[in-house]
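>>> Take this sequence and fold it.
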Amino acid sequence: MTPDELTVARLQADATLRARGHRYEDFALGRKFVHHWGRTVTQADNTLFSALTLHYNPHYTNAAFANAHGHPATVVNPLLVFNTVFGLSVEDLSEGGGPFLGVDELVYLRRVYPGDTLHACSEVLARRLARNRPGYGIVTWHTRGTNQRGDEVIAFKRSNLVKTRN
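Below is the predicted model of the structure:
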């Protein structure tokens, strides 16, 4: 065994495997999660996201056009707002594994502009064991996204298949 292979073997022997994310049993009805970190959305994020998704609405990519239509700057692409807030919730809600089942009642409440920092919180709305998938349950959360001033900018419900502990 080379010295590098020996080091890797020792590290693996000393490593502790930890389950990531929560399991079905952790999601009591009404439980609230304040998702940490937050994320500041930059103009570069907005331009790159809009270009990569072929979403060329000039409100999102052209400052002069956005200004001419009453905006102080380009508007952040709403799909980027959704994906950012959704992403902030993953560690607490669905990182433990299980397929994403969909989003309902998605509402954009306020425009987001480059430089705004998005935060997210979620509440468990419903849960039940999956009838045809042993070892899983279905959990539904209501997630809200706010900006740095605490103004709610987006809200939606989403569901996932979530592993049980056993």
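>>> I'd like the distance between Leu48 and Thr74.
Using CB to CB, to the nearest Å, Leu48 is found at 13 Å from Thr74. Quick note: C-beta positions are derived from backbone N, CA and C, even for glycine.
>>> I should have written Leu80 there, sorry.
Taking CB to CB, one finds Leu80 at 11 Å from Thr74.
>>> Name the residue in those two with the higher neighbour count.
Between Leu80 and Thr74, Thr74 has the larger neighbour count (other CB atoms under 10 Å), namely 23 against 20.
>>> Can you tell me the closest non-neighbouring residue to that one?
Excluding the flanking residues, the one nearest Thr74 by CB to CB, 6 or more residues apart in numbering is Ala66, at 4.7 Å.
>>> what's the next secondary structure element after the helix ranked longest in the chain?
In the chain, with assignment by DSSP state H, the single longest helix is helix 78-93. Next helix or strand after helix 78-93 toward the C-terminus (DSSP states H and E): strand 100-108.
>>> Pull up the pairing partners for the following helix or strand past that next one, direction included.
Per DSSP H and E, the first helix or strand lying C-terminal to strand 100-108 is strand 117-129. Take DSSP bridges as the rule and strand 117-129 pairs in its sheet with strand 32-40 (antiparallel), strand 136-146 (antiparallel).
>>> Pull the lowest-mean-pLDDT helix or strand in the chain out as CSV, backbone CA atoms only.
Least confident helix or strand, the chain: helix 3-14 with a mean of 82, by mean pLDDT, DSSP states H and E. Listed next in CSV are the C-alpha coordinates belonging to helix 3-14 (Å, rounded to 0.1, in the frame of the first residue of the first chain):
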residue,chain,number,x,y,z
PRO,A,3,1.5,6.2,1.8
ASP,A,4,-1.5,7.9,0.2
GLU,A,5,-3.6,4.8,0.1
LEU,A,6,-2.6,4.1,3.8
THR,A,7,-3.8,7.6,4.7
VAL,A,8,-7.1,7.2,2.9
ALA,A,9,-7.6,3.8,4.5
ARG,A,10,-7.0,5.3,8.0
LEU,A,11,-9.4,8.2,7.3
GLN,A,12,-12.1,5.9,6.1
ALA,A,13,-11.6,3.7,9.2
ASP,A,14,-12.0,6.7,11.5
